[in-house]
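Asker: here is a sequence with its predicted model. Questions after.
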Amino acid sequence: MCQREPIVGSISRKRENFIAYPIFKRIWFGEGGADSLLIITTFKGVNRGHFHTICFNLKTMIIKYLTFSISISIISCIVGMVFDGVLKKTAYYKKFSSLNLIESKRLNKKIGLRFFKWIVKNTPFKYFNQKLKLKAKIGIAELNRLRKEMTFSEMSHLIGFAFVTVFALVKFVNGNYLFSLIIMIVNILMNLYPALLQQENKRRIDRLIKNCTHLSSR
């Protein structure tokens, strides 16, 4: 037997001074009310001035969250470079530098990595790291140099991704879910996607090195 929660809220008669927004309630059903259905039960009126104040505060809050997220992601790049230098001295660096989080071309395409690559190639982002370019003469030594630079960029971004994720988890645990979500969205765009792009580029470089080695051995 369905149990309906009481309907609350009403619309003011002075419609010109009020804005109606939906009130969501749950109807519980199933044995012991185990399941529920989210429905709109009524509309509640709110003063226009109050409504605009709420919108302004929400906009200000989101801008604040975005500013923090972008700032901490930029800082994470510096953190990543520092820890990459430390990690190079360990025996685990070679294993970490050979990571392939997503090898599937189809999956990379589905998550938008191709579009992200286009953005990097056709916007001012392409000027950020000039070392990630092939010189006129392409040889095994040049390919190995390029792969080393790609590994450095990849590892820096992965370390930065882990660094920023800690902040997102702290916000999530404290119940600030919107803040946590915005941090992770910016973190994925500024750290995870660049790392995935470098991994894809390294796979291409590895194929070129293999072909060059095969030709030189003839």
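Answerer: Nice, thanks for sending it over. Keep in mind it's a predicted model, so treat the numbers as computed, not measured.
Asker: element containing the closest residue to residue 143 other than its chain neighbours?
Answerer: Spatial nearest neighbour of residue 143, excluding adjacent residues (CB to CB, 6 or more residues apart in numbering): residue 209 at 5.0 Å. Quick note: C-beta positions are derived from backbone N, CA and C, even for glycine. Using DSSP states H and E, residue 209 sits within helix 193-216.
Asker: by contact count, what packs against that helix?
Answerer: helix 113-122, helix 140-173 (3 or more CB pairs under 8 Å, 6 or more residues apart in numbering; DSSP states H and E).
Asker: rerun that using 10 Å as the cut-off
Answerer: Of the remaining helices and strands, those touching helix 193-216 by 3 or more CB pairs under 10 Å, 6 or more residues apart in numbering; DSSP states H and E are helix 105-110, helix 113-122, helix 140-173.
Asker: so which bits of the helix or strand hosting residue 183 are buried?
Answerer: Per DSSP H and E: residue 183 is located in helix 177-187. For helix 177-187, the neighbour count (16 or more other CB atoms under 10 Å) marks 179, 180, 182, 183, 184, 186, 187 as buried.
Asker: and which of the residues you listed is nearest to residue 89?
Answerer: residue 187 (26.6 Å; CB to CB).
Asker: quick one, what contacts the nearest residue to that closest one once chain neighbours are set aside?
Answerer: Distances taken as CB to CB, 6+ apart place residue 164 nearest to residue 187, at 4.2 Å, with adjacent residues excluded. Residues in contact with residue 164 (CB atoms under 10 Å, 6 or more residues apart in numbering) are 69, 72-73, 75-77, 79-80, 183-184, 186-188, 190-192.
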